[in-house]
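here is my input; please provide its structure:
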Amino acid sequence: MKKLFAVVTISGFMFACNNIETTSETVSSDSSITDSAAQNVLDTTKKMVNEAKVLVDSAKSKMEKALDKVKGNPDTLKK
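Presented below is the predicted three-dimensional model:
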């Protein structure tokens, strides 16, 4: 019973000393900053995709050249 009384007393003291004040803060967001950040991400993504397409195309052409080489003279691969 003493422990319960101590817990109730301490929690009552903490509740009484708590300085509860309600404040309303308005958060203003600047949509131009958000839009420009989103646009930068979009531009970066498009650039990366275009660079990847170039790499894939060059790899494809190299593989086609290698395949043509193998088809043309398969004896050159044997040593």
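
retrieve the pLDDT associated with Ile20.
Looking at Ile20, its pLDDT reads 64.

one more: Ala59?
The model reports Ala59 with a pLDDT of 91.

run through the strands of the chain in chain order.
Assigned by DSSP state E, the strands in the chain number zero.

where do the helices sit along it?
For the chain, the helices defined by DSSP state H occupy 2-17, 31-72.

least confident of those, on average?
Of all these, the minimum mean pLDDT falls on helix 2-17 (a mean of 80).

now that helix: buried residues?
Within helix 2-17, no residue counts as buried by 16 or more other C-beta atoms under 10 Å. For glycine as for every other residue, the C-beta is placed from the backbone atoms N, C-alpha and C.

now for it, which elements pack on it?
Where contact means 3 or more C-beta pairs under 8 Å, 6 or more residues apart in numbering; DSSP states H and E, helix 2-17 is not packed against any helix or strand.

dump that helix to CSV, restricted to CA.
The C-alpha coordinates for helix 2-17 follow below in CSV (Å, rounded to 0.1, in the frame of the first residue of the first chain):
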residue,chain,number,x,y,z
LYS,A,2,2.9,2.3,0.7
LYS,A,3,4.3,1.7,-2.8
LEU,A,4,1.0,2.5,-4.4
PHE,A,5,0.7,5.7,-2.3
ALA,A,6,4.3,6.7,-3.3
VAL,A,7,3.6,6.1,-7.0
VAL,A,8,0.3,8.1,-6.9
THR,A,9,2.0,10.9,-5.0
ILE,A,10,4.9,11.1,-7.4
SER,A,11,2.7,10.9,-10.5
GLY,A,12,0.4,13.6,-9.0
PHE,A,13,3.3,15.8,-8.3
MET,A,14,4.6,15.4,-11.9
PHE,A,15,1.2,16.1,-13.3
ALA,A,16,0.7,19.2,-11.2
CYS,A,17,4.2,20.6,-12.1
